[in-house]
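Trainee: Quick one, structure for this:
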Amino acid sequence: MSETLDKRQRLDKWLFFARVLKTRSLAARFVSSGKVRVNREKITKPAFSIKFGDILTITLERGIIIYKICDLGNRRGPASEAQALYEDQTPKLKSSEIQKSITPSHFYIKGRPTKRDRRQLDHFRRQDI
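Mentor: Residues are numbered from 1 along each chain as shown. Model prediction:
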């Protein structure tokens with residue numbers, strides 16, 4: 001029993017095995033960008049070792065996901081096998097809260113954008129590049 005608790009695995013491998021990201025190289029870049037926390041500590045090294053019971057906080061475009069590691073994978077298997085690797089601890093939002101987060105009130109603009117609005121759009125588009 002103590003042998004299984006002492007096992008460790010690379011963070012990028014686990015994200016790939018748990019089907020959080022599609023490829024291992026994408027998982028490595030994702031971790032390097034600083035969008036993953038292990039036990040509230042920001043991690044930027046894809047080779048960081050994780051173990052049973054660690055809490056992962058993952059920031060994705062669709063929101064924040066919180067996983068507790070229940071098992072370390074050996075391969076990238078089917079979704080049912082991947083779901084056995086973690087326990088989802090993400091707080092569930094009500095549908096009204098989800099709707100508010102998707103459609104902000106300032107999203108609806110009537111008429112032609114002003115010069116100020118165009119500048120803000122240009123600034124926003126330059127940030128994505």
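
Trainee: Return the distance of the residue lying closest to Arg76 once chain neighbours are set aside relative to Arg116.
Mentor: Using C-beta to C-beta, 6 or more residues apart in numbering and skipping residues adjacent in sequence, the residue nearest Arg76 is Phe17, 5.2 Å away. The C-beta positions use only the backbone N, C-alpha and C, and glycine is treated the same way. Applying C-beta to C-beta, to the nearest Å, the value for Phe17 to Arg116 is 48 Å.

Trainee: out of these two, which sits in the more crowded spot?
Mentor: Phe17 (21 against 8; other C-beta atoms under 10 Å).

Trainee: Hmm, Gly73 and the more buried one touching each other?
Mentor: Yes - Phe17 is in contact with Gly73 according to C-beta atoms under 8 Å; the separation is 3.2 Å.

Trainee: OK, contacts around the residue nearest to Arg76?
Mentor: Going by C-beta atoms under 8 Å, 6 or more residues apart in numbering, Phe17 touches Leu72, Gly73, Asn74, Arg75, Arg76, Gly77, Ala82, Leu85.

Trainee: would JSON lines of those residues with pLDDT, neighbour count and secondary structure be doable?
Mentor: Below are the contacts of Phe17 laid out as JSON lines (pLDDT from 0 to 100; neighbours: other C-beta atoms under 10 Å; DSSP: H, G, I helix; E, B strand; the rest coil):
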{"residue": "Leu72", "pLDDT": "94", "neighbour count": "18", "secondary structure": "coil"}
{"residue": "Gly73", "pLDDT": "91", "neighbour count": "18", "secondary structure": "coil"}
{"residue": "Asn74", "pLDDT": "93", "neighbour count": "10", "secondary structure": "coil"}
{"residue": "Arg75", "pLDDT": "94", "neighbour count": "7", "secondary structure": "coil"}
{"residue": "Arg76", "pLDDT": "94", "neighbour count": "15", "secondary structure": "coil"}
{"residue": "Gly77", "pLDDT": "92", "neighbour count": "13", "secondary structure": "coil"}
{"residue": "Ala82", "pLDDT": "95", "neighbour count": "16", "secondary structure": "helix"}
{"residue": "Leu85", "pLDDT": "96", "neighbour count": "19", "secondary structure": "coil"}
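
Trainee: Nothing else from me, thank you.
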